[in-house]
Each structure stands twice: as C-alpha cells, then as structure tokens.
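Trainee: What follows is a predicted protein model with its sequence.
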Amino acid sequence: MGTEIYWFSGTGNSLSIARTLNSMLSEQGKLLPMAALYEKNNNTTDADVVGFVFPIHLGDAPWVVKEFVKKTHFTLKPYIFAVATCNANPHDCLPLFHELLKKCSQTLALGEIIEMPGNALVTEPNIEQERLDAAPGRVAEIGRKINNREIALQKDKDMDIPANPMIDRIYNAMKRFKVSSQCDGCETCQTVCPLDNISLVENTPQWGQKCTACWACFHWCPQEAITIEVPTIGNRRRYHHPDITVTDIASQHVRRDK
Ligand SMILES: Cc1cc2nc3c(=O)[nH]c(=O)nc-3n(C[C@H](O)[C@H](O)[C@H](O)COP(=O)(O)O)c2cc1C
Ligand code: SF4
Ligand code: SF4
C-alpha cells in the first residue's frame, strides 16, 4: 500500500521534479532511485500508487529505466503515472512507456511531460530560467491530477517504429567520452555516475560498457575536463539543476569500491 515514486536523473531536473511532486501529493510517498534498484533480479512493489520520473533520451526513456520497469513485479494493480522531463521534444516517449507497461500487464494511467533546461542540446539562458520558474506550477497541476486519480490514457501506437540505424549511431556517439589534461583526478565523475560505469586508473577516468548517456559525468566534472564525441554539443556549456548537488545525484547508486 502507499505511494512509491521511482526516479532517475543525470543533471538533477528529474530528481527536482520528483521531490517537488512528492511534496504536493496528499499522501506523500517514498522516493526510490531506479539506478540502485535495477541490478537486482527483480523489484517488488505493493504500492497502490506508483510513479516514474525520468529524463527523455532520444525520444524514449533511458534504457536503465526501461530495464527497471521490466524487472518490477506489481503485487497490486496500482494507479501508475509517469513524468518525463525533456528539452521540449518528447517525441513518442509516453506512448512507448505505455506500451512497455502494457507488456508488464499494467496501465499508464497518467503520463505528463515537463519542459526543463536541456542537458544535451543547449537551451537559451532566458528560456532555461522560464522553464525553471514554471516547473513548480506544472508540478502542482500534475500533483492535483494524481491526488484526484485522473486517468488520461495514451493512445496505442498504430505500428512499431522500425529501428533507425542513424539514431543508434547518434546514441553510441553520445556515450563516447574524452578527458583532457585539465583532469585532476578528483573522482567526481565516478561518484555521480548512476551506473558505476567509471573507474579511475592512475587518476584518469575510464568508461565501461553500460553507459546510459545521462551525461552526469560530463556536466558535473568541476574542471570541465570531459568532452563527448558529438559535433557542436560535445563541449557545450555545463548545466545542472540549481537545487541539486553532487551528493543528491550520487545518492541514486552504490559505488562498488566503497
Ligand atoms: C543523451 C540525451 C538525449 C536527449 N534526448 C532528448 C530528446 O529526445 N528530447 C528532448 O526534448 N530532450 C532530450 N534530452 C534532454 C533531457 O531530456 C532533459 O534535459 C532532461 O530534463 C534532463 O533530465 P535530468 O537532469 O534529470 O537528467 C536528452 C538529453 C540527453 C543527455
Ligand atoms: S570529474 Fe573531471 S577532474 Fe574529476 S576525475 Fe573526473 S574527469 Fe577528472
Ligand atoms: S558514464 Fe557518464 S553518461 Fe554514462 S551513465 Fe555514467 S555518468 Fe551517465
């Protein structure tokens, strides 16, 4: 019974939304990090209200979020909501999430998009501020819908979208990193990586194979020593949500060497 809100976040937008949303629910729930839980063989929830809050990556939920949902066993038939944060281009993320839940014999009762500052394509500073200012109002609106158990089903998709090799190429490039001589071995990148995908070898970060392209390592590096092999945005202005800290982001996973 009760409410559980599962969250994933690279630069803090989704975590900030999850926290604010929880504070606006008539029955406050537990905030649970998907990154820490997805590696378990399964996750069982007996909550009667279950929420998922995450960023949109290339028009879809991050793979770690999708894997987590697939591994979750729902004891009850809960009221399920999803809030996806993005940089104004949600594509089919919510219909895809609805399809995913259907495969788990569940229903997405309410799906909402919140536009936030982009952490891949750059958002103009004035728009960035407008979105940050507007977010609490949007969250209050969503909180009211959840408190009233409103249902707004996503449309079924007519057909499966064929795999797009171009998207795969972009996605792979978004997971290729370089580190410059500015790196001082401070370990922040390792600390914030939600998937424990970074290890420091002779004080220099090395990336493993299970990156989910959240770009936390890139944005939180205090020396701006990390770049990404994507033209034009691979060394973009760094961003993180103003209310969220390294410790907050690090709280979503357990480092194996600690
Ligand atoms: C690899 C990657 C892909 C992204 N793809 C999209 C996208 O398809 N549409 C969009 O509007 N925003 C996209 N974004 C922007 C994020 O969804 C947005 O900034 C989000 O609020 C970040 O949330 P977070 O701070 O919780 O990680 C992308 C960001 C990254 C890092
Ligand atoms: S966060 Fe930046 S400076 Fe610190 S170890 Fe990683 S790359 Fe180097
Ligand atoms: S390696 Fe960087 S982009 Fe990949 S999951 Fe870790 S923090 Fe995110």
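Mentor: Perfect, thanks for sending it. Ligands and ions are numbered 1, 2, ... in the order given.
Trainee: Pull out the buried residues from stretch 206-218.
Mentor: For stretch 206-218, the neighbour count (16 or more other C-beta atoms under 10 Å) marks 207, 211, 212, 213, 214, 215, 216, 217, 218 as buried. All C-beta atoms are positioned from the backbone trio N, CA, C, and that covers glycine.
Trainee: try stretch 109-126
Mentor: Using 16+ other C-beta under 10 Å as the test for burial, stretch 109-126 gives 109-120, 122-123.
Trainee: go on, stretch 197-208?
Mentor: By 16+ other C-beta under 10 Å, the buried positions in stretch 197-208 come out as 197, 198, 199, 205, 207.
Trainee: As CSV, the residues you listed with secondary structure and distance to residue 5 would be great.
Mentor: Formatted as CSV, the buried residues of stretch 197-208 follow (DSSP: H, G, I helix; E, B strand; the rest coil; distance: C-beta to C-beta, whole Å):
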residue, secondary structure, distance to residue 5
197, coil, 24
198, strand, 27
199, strand, 31
205, strand, 31
207, strand, 29
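Trainee: which residues touch residue 21?
Mentor: 5, 51, 53, 83, 139, 142, 143, 146 (C-beta atoms under 8 Å, 6 or more residues apart in numbering).
Trainee: Kindly provide the distance from the third one to residue 65.
Mentor: Spelled out, it's residue 53. As judged by C-beta to C-beta, to the nearest Å, residue 53 and residue 65 stand 9 Å apart.
Trainee: where do the contact lists of these two overlap?
Mentor: Joint contacts of residue 53 and residue 65 (C-beta under 8 Å, 6+ apart) are residue 8.
Trainee: quick revisit: and the buried residues of stretch 206-218, which of them are in strands?
Mentor: Among those, the ones falling in strands (DSSP state E) are residue 207.
Trainee: what two of the buried residues of stretch 109-126 are the furthest from one another?
Mentor: The distance between the two most remote of the buried residues of stretch 109-126 (C-beta to C-beta) is 34.1 Å, for 109 and 122.
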